[in-house]
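Chemist: Below are the sequence and a predicted model; questions follow.
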Amino acid sequence: MRHARMSTVLVLTTLVCLTTIGCQDKMKAKDAQIALIEDQNHRLTEDLAAARSDNDILSQSQEQIRQQLLAAQRENDILRNDLASIPEPAPAADGWQAVPGGYMIAIPGNVLFAPGKATLRKSGKTALESVASAIRGQYGGKDIFVFGHTDDQPIKKSGWKDNFELSSERALSVVRHLKDRGITPSSLVACGAGEYRPRVPNTSDSNRSQNRRVEIFAVDPIR
């Protein structure tokens, strides 16, 4: 009888121990699962915070871009207003062409002068009448620059020192005639370019004829 009791106690003790061990294992598994969940929650929280930070940065960048666009639009509006306030240039007089700051007309050298000469021909004076009329009527108040040009043929028998001198004397003849036709002397400037500013290469008689010319510029005052 006594032996039976001891056996029963032993069995009960064993069952209790097994039950306790099983409970402990379950608790450990549960704790591990909780720790894993908490770790995942912590990571999700950090990811959410990072996403919110990125969103804030993106929002700031978008606002900066918006402000830059608004500033660009304002500048564009200012430029448009400035351009709208600039008056349209007057149409060029007959035979003249628009150039930066004003207008220009070119007269062939053979219309104005005989070969190697700096005295105006009758045809040259006639051509300059319309030039003087355009200056008085449309280009008053502008500076008048007169450029003489020659071809590249050297001076031989005409008595000039070089093409610079010939082109300068021709420009002076034009300036003096314009002055006599009522153009303000203080607006007139004579310049000689010689053969050094050809319109086309001096490779033929036809090209050289184009390069022998007088150019008259009516430009905004620079003095």
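Modeler: Arrived safely, thanks for sending.

Chemist: quick one: low-confidence ranges for this structure?
Modeler: Within the chain, the ranges that satisfy pLDDT under 70 run 1-23, 26, 83, 86-89, 223.

Chemist: So which residues of it form helices?
Modeler: 2-85, 109-112, 122-138, 163-180, 205-211 (DSSP state H).

Chemist: between those helices, which gets nearest to residue 193?
Modeler: helix 163-180 (5.8 Å; CB to CB). In this view, the C-beta of every residue, glycine as well, is placed from N, C-alpha and C.

Chemist: and residue 99, how far is that from residue 183?
Modeler: Plainly put, residue 99 is 19 Å away from residue 183 if you go by CB to CB, to the nearest Å.

Chemist: Compare those two (neighbour count), which wins?
Modeler: residue 183 (20 against 13; other CB atoms under 10 Å).

Chemist: Let me see the backbone angles for the more buried one.
Modeler: Note on residue 183: backbone dihedrals following degrees, to the nearest 10 are phi -80, psi 130.

Chemist: what sits against it?
Modeler: If you count contacts by CB atoms under 8 Å, 6 or more residues apart in numbering, residue 183 has them with 132, 135-136, 144.

Chemist: 7 Å instead?
Modeler: Taking CB atoms under 7 Å, 6 or more residues apart in numbering, we find residue 183 in contact with 132, 135, 144.

Chemist: Please apply the same query to residue 152.
Modeler: 195, 202.

Chemist: So it versus residue 78, what's the distance?
Modeler: Taking CB to CB, one finds residue 152 at 50 Å from residue 78.

Chemist: which residue is nearest the centroid of the chain?
Modeler: Closest residue to the average C-alpha location of the chain: residue 79 at 13.7 Å, with CA atoms, centre = their mean.

Chemist: Identify whichever of the helices of the chain lies nearest to residue 95.
Modeler: Comparison of the helices of the chain against residue 95 by CB to CB identifies helix 122-138 as nearest, at 7.1 Å.

Chemist: got the domain boundaries for this structure?
Modeler: The chain breaks down into these domains under automatic domain parsing: 1-86, 97-219.

Chemist: Let me have the contacts of residue 183 in JSON lines, extended by distance to residue 70.
Modeler: Output for those, formatted as JSON lines (distance: CB to CB, whole Å):
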{"residue": "132", "distance to residue 70": "54"}
{"residue": "135", "distance to residue 70": "48"}
{"residue": "144", "distance to residue 70": "48"}
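
Chemist: rewinding a little: with distance to residue 195 added, can I get the helices of the chain in JSON lines?
Modeler: Formatted as JSON lines, the helices of the chain follow (distance: least, CB to CB, whole Å):
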{"stretch": "helix 2-85", "distance to residue 195": "41"}
{"stretch": "helix 109-112", "distance to residue 195": "12"}
{"stretch": "helix 122-138", "distance to residue 195": "20"}
{"stretch": "helix 163-180", "distance to residue 195": "5"}
{"stretch": "helix 205-211", "distance to residue 195": "7"}
